[in-house]
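>>> coords below, sequence missing:
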């Protein structure tokens, strides 16, 4: 039985809009970005939002993005909208900047929570099959950063085989 204590995570989209960031590829957004007016979290979000290498996902209200225990095929970076997430112990409200399934997918573990769209949600999709092909090609330092981030995010004590 899950508790209903909300734990929220979201990039402050209102702040980004006040800075003129409505389209991450617009001249106004690029000027704001180049003037270093973003936090590191906002800069990463902005870069992923603007990337032409990632596909878009759109989910209707009530549509499931992930199911706890299922194999991760795609990870999602939330660009807009609000989601309900439940890991079996806690319920979360997630918004822009949240990442679903990346740590689990890199570790070859199943999704750790069930996530459903509360509003219309747009995401940037990271295909895990493509990422899996690139991990062995990464230099040891970058692979180590990924390993550390995955272990910290998932609370693991041992290095996942996929990241050794």
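Thanks, I have the structure now. Since the model is a prediction, treat every value here as computed from it, not as a measurement. Residues are numbered from 1 along each chain as shown.

>>> hey, where'd the helices end up in the chain?
Using DSSP state H, the helices of the chain run over residues 13-18, 27-34, 40-50, 102-106, 128-134, 140-154.

>>> dump those to a markdown table, plus distance to residue 71, mean pLDDT and mean neighbour count.
Where C-beta positions appear, they are placed from N, C-alpha and C, glycine not excepted. A markdown table is the format used below for the helices of the chain (distance: least, CB to CB, whole Å; pLDDT from 0 to 100; neighbours: other CB atoms under 10 Å):
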| stretch | distance to residue 71 | mean pLDDT | mean neighbour count |
| --- | --- | --- | --- |
| helix 13-18 | 31 | 73 | 13 |
| helix 27-34 | 36 | 74 | 14 |
| helix 40-50 | 23 | 74 | 16 |
| helix 102-106 | 9 | 92 | 23 |
| helix 128-134 | 9 | 89 | 12 |
| helix 140-154 | 15 | 89 | 14 |
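
>>> closest one to residue 68 among those?
helix 102-106 (10.1 Å; CB to CB).

>>> residues in contact with that closest one: which ones?
Applying CB atoms under 8 Å, 6 or more residues apart in numbering, the contact partners of helix 102-106 are 72-73, 75, 110-112, 126, 128, 131, 135, 146, 149-150, 153-154, 160, 162-163.

>>> let's go with 7 Å and repeat that
Under the contact criterion CB atoms under 7 Å, 6 or more residues apart in numbering, helix 102-106 has outside partners 72, 75, 110-112, 126, 128, 131, 146, 150, 153-154, 162-163.

>>> which of the residues you listed sits closest to residue 64?
Nearest to residue 64 out of those is residue 111 (CB to CB; 10.3 Å).

>>> bridging residues for the residue nearest to that closest one when sequence neighbours are not counted?
Nearest residue to residue 111 in three dimensions, chain neighbours excluded: residue 66, at 4.3 Å (CB to CB, 6 or more residues apart in numbering). Going by DSSP bridges, residue 66 is paired in beta bridges with residue 115.

>>> burial count for residue 66?
For residue 66, the tally of surrounding residues (other CB atoms under 10 Å) stands at 23.

>>> can you pull the contacts of the residue positioned nearest the centre of the chain?
The chain has residue 99 as the residue nearest its centroid, 1.6 Å off, counting by CA atoms, centre = their mean. Contacts for residue 99 (CB under 7 Å, 6+ apart) come out as 75, 77.
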